[in-house]
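In: Structure for this input, please:
(one chain, ligands or ions: 1)
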Amino acid sequence: MQRSGSVNKKQYKYDQVSDYVMAMIENGTLKLGDRAPSLRKLSQILKVSISTINQAYVQLEDKGVLQARPQSGFYINADIQCTIDTPKPIISGSCQPRNVRFSKLFEDISKISNNTRIAPFAAAKAPLELMPVKALIRETRNMISRYPAASLDYCYPPGDEKLRHQIALRYSDMGVNVAADEIIITNGATEALSLSLQAVAKRGDIIVVESPTLFSVLRLIEKLGMLALEVDTDPATGINFDSLEYALDTMDVTAMLVVPNFNNPLGSLMPEANKKRLVQLLQERNIPLIEDDVYGDLYFGDERPGIAKCYDNDNRVLSCSSFSKTISPGFRMGWVAGGKHHAQIMEWKQASSTASPSLQQLVLAEFLRSGQYDRHLMHLRKALKFQVEKGRLMIARAFPQGTLISDPQGGCMLWIKLPDGVNCLDLYSLALEHNIGTMPGIIFSATRKFRNYIRLNCGSPWIEENEQAIQTLGELVHSLVN
Ligand SMILES: Cc1ncc(COP(=O)(O)O)c(C=O)c1O
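Out: Reported below is the predicted structural model:
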């Protein structure tokens, strides 16, 4: 389909106009609830008559895609089935530190995440189709033949110097001064978070996290014998400062762990002013901040968001990330810039995993150095933005009234509030019977308060099977509404 300029000549002209508008909706140029371009404007852009555009709009109205509003024009129909509105934050005010116990559900979900016969909406990842497979094969061959000894030997902490240098350059692009020597390569972000927690806290200590928060973080806190203190978080702007200050004032908090950029599962993006305020607040109370930025490079806007580390003038932020969401989760390549806790993190790293994979470090260092990473990111961001927006549209069509859908500005996930009374675990089991994976909201909080929420991954391209799976999922949700 042609996306700009004039329409092509194969179909009826009004069909081509419809396709053009649909493409604008699917690629996110037109969002649900937006006003469609005026008849006159589109007729000028596509060089077809106003009556052809009108005919196309009426056709789209019949399909439920557009909605005509008297005196006002056509709008992208938000409530095709349900109102596209983002879930509101749950403000619980008071919170208590808790133990987290979800072992059985975690095990089940890990199994389905690796089953390729199940529609891929459960795990938070981009699919193979969006990974730079050919380039990685080429660089892997290249590195192992050029540097066989370095590729196959131990690469002791802090890790490969060239990779650390590349990561340091990326910090510098964000205006953060982190030297290669201050970075430790880890086995994914999970190890970076684990080492950071162990460096700043011990059993019984209270760790503030966002609510909802990623279940593997809750599980890590549980396994380290620490207590998670969940603080209300807004699906658009991240942590709620009233709740946070209340928690800090009333409890003996040892550390805080946040995902300011495109939090998992909310997709929330903390405004820069809030990142600054957060660091200041913790500085006043002398509390370390563990920052997880695995989705920071996957922004949909024009500029990469900053990180809390940008506002850290006394080295209290432990900055963790990985290449799992952008290059390959299987490479298990992450890092931590631990600030004043660097030395303790080194000790934990040496003691717990001796080294990180050598070949992958060499491959990534070259992938970044040669500019391939930035080119790949441009492509990946575009694909994810399109897929997430199209996912919202399809869910809005398939799910019943009362569903609310998040509107993330980056990453690959949607956080969905199901109509009242629909239990995410019922949906999870029913969907599995149809080979569809979902992530039940209940596991994103030790309080189990997100019973009628689910998280859906939109990382995979919308091939027909996946579109059909959303349709089926919608029917299942309908069947669960009393
Ligand atoms: C916010 C966040 N942090 C960390 C991780 C784990 O990353 P890694 O696979 O690099 O250990 C994930 C994966 O889902 C995540 O969403």
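
In: can you list the residues of the stretch 201-350 of the chain near the ligand?
Out: Neighbours of the ligand within the stretch 201-350 of the chain, by CB under 6 Å from any ligand atom: L214, V259, N264, D292, V294, S322, S324, P329, G334. C-beta: built from backbone N, CA, C; applies to glycine.

In: What pLDDT is listed against A119?
Out: Model confidence at A119, given as pLDDT, is 84.

In: Name all residues that make contact with it.
Out: If a contact means CB atoms under 8 Å, 6 or more residues apart in numbering, then A119 has N435, I436, G437, E465, N466, A469 as its contacts.

In: Dump these to TSV, plus distance to G28, secondary structure and pLDDT.
Out: Shown next, in TSV, are the contacts of A119 (distance: CB to CB, whole Å; DSSP: H, G, I helix; E, B strand; the rest coil; pLDDT from 0 to 100):
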residue	distance to G28	secondary structure	pLDDT
N435	28	coil	93
I436	24	strand	94
G437	24	coil	92
E465	23	helix	93
N466	18	helix	93
A469	21	helix	95
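
In: Drop the exposed ones from these and show what's left.
Out: I436, G437, N466, A469 (16 or more other CB atoms under 10 Å).

In: neighbours around R375, how many?
Out: 12 (other CB atoms under 10 Å).

In: element containing it?
Out: helix 372-398 (DSSP states H and E).

In: Check S479 too.
Out: Assigned by DSSP H and E, S479 belongs to helix 464-480.

In: buried residues in that helix?
Out: For helix 464-480, burial by neighbour count (16+ other CB under 10 Å) applies to N466, A469, I470, T472, L473, G474, L476, V477, L480.

In: what's the last one in contact with, if anything?
Out: Going back to what we said before, that points to L480. Counting by CB under 8 Å, 6+ apart, L480 makes contact with L418, G421, V422, N423, D426, L427, L430.

In: least confident pick among those?
Out: In terms of pLDDT, G421 ranks lowest among those, with 92.

In: Without its sequence neighbours, what residue ends up closest to that residue?
Out: Distances taken as CB to CB, 6 or more residues apart in numbering place N482 nearest to G421, at 5.5 Å, with adjacent residues excluded.

In: so the one you found sits right up against D420, yeah?
Out: No. Judged on CB atoms under 8 Å, N482 makes no contact with D420 at a distance of 9.1 Å.

In: Tell me which of the two has more neighbours.
Out: Between N482 and D420, counting by other CB under 10 Å, D420 is the more crowded of the two (9 against 6).

In: Put the buried members of the residues of the stretch 201-350 of the chain next to the ligand into a PyMOL selection.
Out: Buried residues among those (16+ other CB under 10 Å), as a PyMOL selection:
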select buried, resi 214+259+264+292+294+322+324+329+334
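
In: picking up where we left off before, the helix holding R375: which residues count as buried?
Out: Buried, per 16+ other CB under 10 Å, within helix 372-398: 372-373, 376-377, 380-381, 383-398.

In: And stretch 437-454, by the same measure?
Out: Judged by neighbour count (16+ other CB under 10 Å), stretch 437-454 contains these buried residues: 437-447, 449-454.

In: Just after the helix holding R375, pick out the following helix or strand.
Out: strand 404-405.

In: So which residue is smack in the middle of the chain?
Out: The chain has G411 as the residue nearest its centroid, 3.4 Å off, counting by CA atoms, centre = their mean.

In: that older thread, could you list which of the contacts of L480 belong to helices?
Out: Mapping those onto helices (DSSP state H) picks out D426, L427, L430.

In: List the contacts of the residue of the chain found nearest the ligand.
Out: Closest residue of the chain to the ligand, CB to the nearest ligand atom: G188 (2.8 Å). Residues near G188 by CB under 8 Å, 6+ apart: S322, S324, P329, R332, M333, G334.

In: G28 now?
Out: Residues counted as contacts of G28 (CB under 8 Å, 6+ apart) are F300, K385, F386, V388, E389.

In: So which residues lie in contact with stretch 421-428, not counting its own?
Out: For stretch 421-428, using CB under 8 Å, 6+ apart, the contacting residues are 418, 438, 440-442, 450-454, 473, 476-477, 480-482.

In: which residue sits closest to S328, ignoring its sequence neighbours?
Out: Excluding the flanking residues, the one nearest S328 by CB to CB, 6+ apart is M131, at 5.8 Å.

In: distance of that neighbour from L377?
Out: For M131, the distance to L377 (CB to CB, to the nearest Å) stands at 12 Å.

In: can you check K134 too?
Out: For K134, the distance to L377 (CB to CB) stands at 16 Å.

In: repeat for P419
Out: Distance, P419 to L377, by CB to CB: 37 Å.

In: With G188 instead?
Out: Distance from G188 to L377, by CB to CB: 19 Å.

In: Then D153?
Out: D153 is 30 Å from L377, by CB to CB.

In: repeat for N27
Out: Taking CB to CB, one finds N27 at 18 Å from L377.

In: re the thing from before, grab the two from the contacts of A119 that are most spread out in space.
Out: G437 and E465 (12.6 Å; CB to CB).

In: that older thread, would you agree the residue nearest to S328 is in contact with T326?
Out: No. In this structure, M131 is not within contact of T326 by CB under 8 Å, at 9.0 Å.

In: Of those two, which one has the most company?
Out: Under the neighbour definition other CB under 10 Å, M131 and T326 were set side by side, and T326 has more, 22 against 19.

In: For that one, give me the backbone phi and psi.
Out: Per-residue torsions, T326: phi -110, psi -30 (degrees, to the nearest 10).

In: Now it: closest residue in space that isn't a chain neighbour?
Out: In this structure, T326 finds its nearest non-sequential neighbour in D297, 5.4 Å apart by CB to CB, 6+ apart.

In: Am I right that R219 falls within a helix?
Out: Yes. When DSSP: H, G, I helix; E, B strand; the rest coil is applied, R219 is found to be in a helix.

In: Go ahead and confirm it touches I109.
Out: No. Taking contacts as CB under 8 Å, R219 lies outside contact range of I109: 11.0 Å.

In: Do a quick rundown of the strands in the stretch 251-400 of the chain.
Out: 253-258, 289-292, 317-322, 333-337 (DSSP state E, counting those that start in this stretch).

In: Distance check, L197 against K104.
Out: According to CB to CB, L197 and K104 sit 24 Å apart.
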